[in-house]
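> Below are the sequence and a predicted model for it; my questions follow.
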Amino acid sequence: MKAWLIGGALGAALIVGSTTTNAQIDAGGRPTAGQYRATTTFISIDMPGAPPQVADMMSQMMSNSVTYCLTEAEIAEGYRAITDRSTRDAEDCTYERFDYSGGKIDAVIQCRVDGQNMRMEMTGTGGATSSDMTMTMNGDFGMGDATIKLRSQHERIGECR
């Protein structure tokens with residue numbers, strides 16, 4: 001498994017993801033600085049010819065929960081600056097699109113990782129203290145072309161420690 005895939009999934013999870021139906025939407029398009037809990041859940045993998053145990057392996061590798069701190073400096077550019085964290089292990093990344101409006105996030109990032117093209121679509125909602133994103137990643141993940149879907153949920157749990 002490529003470091004980018006794991007780092008990207010985690011980064012995106014750390015960025016934009018917590019399910020909260022009553023989340024207040026930040027009119028400025030920025031999350032609130034503080035300590036967050038990010039939960040990433042593996043949804044599916046579509047890899048032609050892959051044995052069934054690949055999905056189980058991916059679920060174990062990619063489903064997790066972590067805490068992280070968002071500083072004032074990190075949130076200065078809103079959700080886009082945070083989604084940039086999902087590409088920190090990649091090279092030559094560009095946005096095909098990025099939109100945050102009305103509490104909805106819609107982004108596509110194209111990167112080269114270890115000489116391979118990777119594409120990640122992120123859609124969901126983002127408020128001042130939580131976000132909920134679905135990420136669909138397409139590319140060669142070291143085992144052939146595949147599509148992987150993850151859900152990333154984030155919730156502010158207090159001040160940074």
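On my side now, so go ahead.

> so who does the residue located most distally from the centre of the chain touch?
Computed with Cα atoms, centre = their mean, the residue of the chain farthest from its C-alpha average is Gly49, at 26.5 Å. Residues in contact with Gly49, defined by Cβ atoms under 8 Å, 6 or more residues apart in numbering, are Gly144. Placement of C-beta: from N, CA and C, glycine included.

> Surely it forms part of a helix?
No. Applying DSSP: H, G, I helix; E, B strand; the rest coil, one finds Gly49 to be coil, outside a helix.

> how near is it to Ala146?
As defined by Cβ to Cβ, to the nearest Å, Gly49 lies at a distance of 10 Å from Ala146.

> the strands in this structure, which residues?
34-46, 64-70, 91-101, 104-113, 116-126, 130-140, 145-158 (DSSP state E).

> for the fourth one, packing partners?
What that stands for is strand 104-113. Contacts defined by 3 or more Cβ pairs under 8 Å, 6 or more residues apart in numbering; DSSP states H and E place strand 104-113 against helix 3-16, helix 79-83, strand 91-101, strand 116-126, strand 130-140.

> again, but for the fifth one
Packed against strand 116-126 by the contact rule (3+ Cβ pairs under 8 Å, 6+ apart) you find helix 3-16, strand 104-113, strand 130-140.

> So which bits of it are buried?
By 16 or more other Cβ atoms under 10 Å, the buried positions in strand 116-126 come out as 118, 120-126.

> And the fourth one, by the same measure?
Within strand 104-113, the residues that count as buried by 16+ other Cβ under 10 Å are 105, 107-111, 113.

> and Gln35, what is it in contact with?
Counting by Cβ under 8 Å, 6+ apart, Gln35 makes contact with 67-69, 156-161.
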